[in-house]
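A.B. asks: starting from these lines, generate the structure:
(2 chains)
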Amino acid sequence: MKVLEEFIDVAVVGAGHAGCEAALACARMGLSTVVFTVSVESIALMPCNPNIGGSSKGHLVREVDALGGEMGVNIDKTFIQSKMLNESRGPAVHSLRAQADKAEYSRKMRQVLENTDNLQIRQAEVTEILVEEGRITGVKTYSGAVYHCRACVLCTGTYLRARCIYGDVSNATGPNGLQAANYLTDSLKSHGIEMQRFKTGTPARIDRRSIDFSKMEEQFGDERVVPFSFTTDPESVQIDQVSCWLTYTNEETHTIIRENLDRSPLYSGMIEGTGPRYCPSIEDKIVKFSDKKRHQVFIEPEGLYTNEMYIGGMSSSLPEDVQHRMYRTVAGLENARIVRNAYAIEYDCINPRQLKSSLEFKNIRGLFSGGQFNGSSGYEEAAAQGLVAGINAALYVLEKEPLVLDRSECYIGVLIDDLVTKENREPYRMMTSRAEYRLLLRQDNADIRLTEKGYQVGLISEERYRALLEKERQIEAEIRRVEHEPVGANKTVQDFLEKNGSTPLKTGTTLGELIRRPELNYELLKEIDRDRPSLPEAVREQVNINIKYEGYIKRQLKQVEQFKKLEKKKIPEHIDYDQVGSLRIEAVQKLKLYRPESIGQASRIAGVSPADISVLLVYLEQMKGRKHE
Amino acid sequence: MKGETIAAISTAMNDAGIGIIRISGEDAFTVADRIYRSKTGRKRLSEQPSHTIHYGYIYDGEQVIDEVLVMLMRGPRSFTAEDTVEINCHGGILAMKKILEAAVKHGARPAEPGEFTKRAFLNGRIDLSQAEAVIDIIHAKNEYALKSSVSQLKGSVHRAVEEIRGEVLYETAYIESALDDPEHISLEGYSERLWEKNSAWKEKLQNLIDSSENGRVIAEGIRTVILGKPNAGKSSLLNLLLGEERAIVTDIPGTTRDILEESIQIDGMSLQLIDTAGIRDTEDIVEQIGVDRAKEYARGADLIIYVVDSSTGLDQNDEEIMNFAADKRMIVLLNKTDLAMVTSEESLKERLPSACVLPVSAKENRGLEQFRKVLKEMFFKGELSFNDQVYITNMRHKAALMEALDSLKQVEESLEMGMQEDFYSIDLMAAYEALGTITGETVGEDLVNEIFGRFCMGK
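C.D. replies: All right, here's what the predicted structure looks like:
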């Protein structure tokens, strides 16, 4: 039988947020790339919430941007409201969140894909991966066409054997009624890949005209919008913004939910997949926080050209009739007309411990994966992994060392390390608390942390890289100046201090010391700093943070130093744990299962104790000794 | 690793005749020069040939600590294959500690447990078969630790540290979850609450640190104090239990003038044995101090072993002992049953109804099996546990506690400055990690340290 055959460098399966980043990275790194999607209309689809960013997720977007990914640029082009969250808290937890015009977001991303050299979009369902001698050699589509490739990135999202459920209704479709991918799972299993089943959910969409906004609190965007991308001109994002609204559930809502819990597929056992604890459905919240009298509900527009409103905080898989009654108890939603029901979705994904930190499968060379397929949740988590998987697929084809990001460098590093070393029994969501070194991993310095790496792999232009070096130079010079700039106890200074509620000086000091006072900062001190050079806002921000929080930053850097010591101790890939005497049986099992790349990684695996690590270290020392003999 | 100079007490921590403090590393000679003075004051150790011995004094600033002999060994001809100085002092826990502290003050850092051995290994002084033996020992320790966690064998220091550590973790987790889920967890007024908790932790840590400084270096275990009037045979019994001639045994009442401490293992139980001066009214001032200290120790004991001479009658001294130790868990050993009985088992039982009375003979080594059995029963029935008071025994623990305390002070400072939660959570985590190095739950900076630390201390 004759079939279509093509030869390409990289096949990317899926064109969601992970697939788009992966495909763009490979194509931009010069490799012929095909991205497969079940529907071209669903490229970069946002099937759940209409926003990008948020606490810690905003960090991910900034990091993706710093490495040369597309998500930040795309949301800057298509946002309709933007907010810097947690501004009252420290700089480590400041996080950007933007409301997107969903359709526009999807359309613009598609436009970028369509116009990227080396990149071809193909509407087809991939049903098989082809593997020879432990190496990926191609993919096969439903029609039988074969695409021979040197590397493949799987970004199937929530489409594998997907099932949408509410009440006793179950549809074998992907999100939004899109076609599910029902064959690939079997092919993956036949190549020894371990699969599991996860679930997630989304709330209803309600017709804007049926909502009474007068009963809700209006939520505005920031007056001065900060763009996501380091490449976006801040002036270009100062647009007219739309509003969101805040309302609450109440006892009546909770009563209806409680009375119908037995009709929920989650509690009746119809759903077998594990859902995210950190993004619970409204019925989960009622059960878990039973003492709470009310829960927040955010009403967010889905775009500028639609009346659909997203009901944030009320995802559900209760039956249709219960949903109708439940939503209508919420203040302002008394007459709500549902456009799309809330539903839960179940899908196949892998256990990510089968992956290396490069997101390549440990057992199949050249096969990479990213996004919800790896057991995560969220657009941003997906994009971050897709980018890294794409970069590493390209580096693999180019026969270069993979890009491995660690926990001390970025949230992406934390995300990937958590996925590949920890026991993940539910969709993984990024959170600030997962990052141990978060004072260093701020959203404001993502470029300083990562852009050089993006430049090295070839995703950042020479011009952008030079600009970064210049920024770093300016920051350093200004910090040096300010730290040495003497301030005398003269009248101007004392008056200034008094005005700002700060203790007057007894002796002379430096500007740097004054910046460290909690009630003062770099911007305020402009008044008494006559020799201050004119510097860009981004530089001034770094100067202020670096001086003000110097002590904390230093202490955190010390913690990182400790951490790095263990990360640097590599474990040989083919170590035979049965040969390491004295390891506990549980540790041997876990180490065999995870096959950690370093001692540091081994130490984070549940079931491997510090004593086991000690044994391992001695063993490695011995091996080293033997090599020298 | 290179460049750091380490120091530790290399002999057992007891009041033996001689104690050795070992300093190893690049600056070993420099450190030694800073604390050593020869008789003329002109000799510089760093200018002396290797493998020579020098007489002189160790100073802390202008104050003499002890008269010493100093041994010099240049690398690689030393145990660690690095420059090594060994200071032989007159012993006594206090002198050894003071010398170690002087060395630390002048550029060395306290060695991690087993660090000398580790350096020897890494510098190629120990071969692989020896290293394998090390692994076996770690293995054994592993099993032991596992078992001890289910029994009550976990040390009191660990329990105290774990308690604080658990609380710190709880608060950190609280802050973290509030940052991620502000809808459900509020930080309103939280900093005041944390300030109070933080103060309590600081105080506890300070107490632990102080306990290491009051001169009573006590290993972990069941604090067992041996009491009895002079010449009842306390020291002989102690020696039998220890299997060696530790205390000086004579027939003159009042020979044991000071307190003797020994740690022994009986069927897996760790006993910290404290032999005291015999209690009697005495005019001798030196001995009187010993008696007072014995009483003081008895007050803080987990278990009292009261030795009674069965060949004499109960007298005023016995009355005094029975009075002040009446409410304590007690085993009475009726010694010298090889002689004619004057005081009977029954009369003691009547006087001390809650105590267990066992006839023994130290001289004929009789009755000790029974004693072990009783001890074990008490322990496993949970009648015997550790003293609530906690003592810090080694420098490494002390250093970790001080590190944790420093971090908590930073937390306090941040709270006072009104910094946001995510700043002080950094220092809370640092405290948590530092405390973890004591309980063995923090995977430390260089784990080979830990490994070698597990099989021998300070060597």
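
A.B. asks: name the helices or strands packed onto the strand ranked longest in chain B?
C.D. replies: Assignment by DSSP state E gives strand B:63-73 as the longest strand of chain B. Contacts defined by 3 or more CB pairs under 8 Å, 6 or more residues apart in numbering or on different chains; DSSP states H and E place strand B:63-73 against helix B:28-35, strand B:52-60, strand B:84-89, helix B:93-105. No exception for glycine: its C-beta is placed from N, CA and C like everyone else's.

A.B. asks: most proximal residue of the stretch 201-350 of chain B with respect to chain A?
C.D. replies: Nearest residue of the stretch 201-350 of chain B to chain A: B:Lys202, at 17.5 Å (CB to the nearest CB).

A.B. asks: could you pull out the buried residues of whichever strand or helix holds that residue?
C.D. replies: B:Lys202 belongs to helix B:190-211 when assigned by DSSP states H and E. Within helix B:190-211, the residues that count as buried by 16 or more other CB atoms under 10 Å in any protein chain shown are B:191, B:194, B:198, B:201-202, B:204-205, B:208-209, B:211.

A.B. asks: do stretch B:170-185 as well
C.D. replies: Applying 16+ other CB under 10 Å to stretch B:170-185 flags B:171-172, B:174-176, B:178-180 as buried.

A.B. asks: go on, stretch A:320-339?
C.D. replies: A:322-323, A:326-333, A:336, A:338-339.

A.B. asks: looking at this, A:Leu593 is in a helix?
C.D. replies: Yes: looking at A:Leu593 with DSSP: H, G, I helix; E, B strand; the rest coil, it is inside a helix.

A.B. asks: got a pLDDT number for the closest residue to it other than its chain neighbours?
C.D. replies: When the adjacent residues along the chain are set aside, A:Leu593 lies closest to A:Arg353, with 6.4 Å between them (CB to CB, 6 or more residues apart in numbering or on different chains). Looking at A:Arg353, its pLDDT is 95.

A.B. asks: A:Arg353: what's it in contact with?
C.D. replies: Residues in contact with A:Arg353 (CB atoms under 8 Å, 6 or more residues apart in numbering or on different chains) are A:420-421, A:593-594.

A.B. asks: okay, now the domains of chain B?
C.D. replies: Listed domain ranges for chain B are B:6-111, B:156-214+B:392-438, B:222-380 (source: automatic domain parsing).

A.B. asks: could I get those as a markdown table with mean pLDDT and distance to A:Leu31?
C.D. replies: Shown next, in a markdown table, are these (pLDDT from 0 to 100; distance: least, CB to CB, whole Å):
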| stretch | mean pLDDT | distance to A:Leu31 |
| --- | --- | --- |
| domain B:6-111 | 86 | 52 |
| domain B:156-214+B:392-438 | 82 | 38 |
| domain B:222-380 | 71 | 64 |
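
A.B. asks: out of those domains, nearest to A:Gly201?
C.D. replies: domain B:156-214+B:392-438 (17.7 Å; CB to CB).

A.B. asks: and A:Glu537, how many neighbours?
C.D. replies: 10 (other CB atoms under 10 Å in any protein chain shown).

A.B. asks: sorry, that was for A:Ser170
C.D. replies: Counted by other CB under 10 Å, the residues lying close to A:Ser170 total 16.

A.B. asks: how near is the nearest residue to it once chain neighbours are set aside to chain B?
C.D. replies: With sequence-adjacent residues excluded and distances taken as CB to CB, 6+ apart, A:Ser170 is closest to A:Arg163, at 5.7 Å. In this view, A:Arg163 and chain B are 29 Å apart by CB to the nearest CB, to the nearest Å.

A.B. asks: repeat that for A:Asp291.
C.D. replies: Plainly put, A:Asp291 is 10 Å away from chain B if you go by CB to the nearest CB.

A.B. asks: repeat that for A:Thr137.
C.D. replies: For A:Thr137, the distance to chain B (CB to the nearest CB) stands at 41 Å.

A.B. asks: surely that residue touches A:Glu128?
C.D. replies: No: A:Thr137 lies out of contact with A:Glu128 (CB atoms under 8 Å); the separation is 11.2 Å.

A.B. asks: following element in sequence after whichever strand or helix holds A:Ile257, please.
C.D. replies: According to DSSP H and E, A:Ile257 maps onto helix A:251-259. Tracing the chain past helix A:251-259, the next element assigned as helix or strand by DSSP H and E is helix A:265-268.

A.B. asks: for that following helix, packing partners?
C.D. replies: Checking 3+ CB pairs under 8 Å, 6+ apart, helix A:265-268 ends up next to helix A:282-288.

A.B. asks: return the set of buried residues in the helix it packs on.
C.D. replies: A:282-287.

A.B. asks: kindly provide the whole-number mean pLDDT of that helix.
C.D. replies: 88.

A.B. asks: by contact count, what packs against it?
C.D. replies: helix A:251-259, helix A:265-268.

A.B. asks: least reliable of these going by mean pLDDT?
C.D. replies: Least confident of the helices and strands packed on helix A:282-288, judged by mean pLDDT, is helix A:265-268 with a mean of 76.

A.B. asks: so how far is that helix from its chain's centroid?
C.D. replies: Relative to the chain's own centre, helix A:265-268 is displaced by 29 Å; criterion: CA atoms, centre = their mean, to the nearest Å.

A.B. asks: what does that helix rub up against?
C.D. replies: A:165-168, A:170, A:261-262, A:271, A:275, A:281, A:283-284, A:317, A:344.

A.B. asks: longest single helix anywhere in chain B?
C.D. replies: In chain B, assigned by DSSP state H, the helix with the most residues is helix B:156-180.

A.B. asks: kindly report the same for chain A.
C.D. replies: helix A:462-484.
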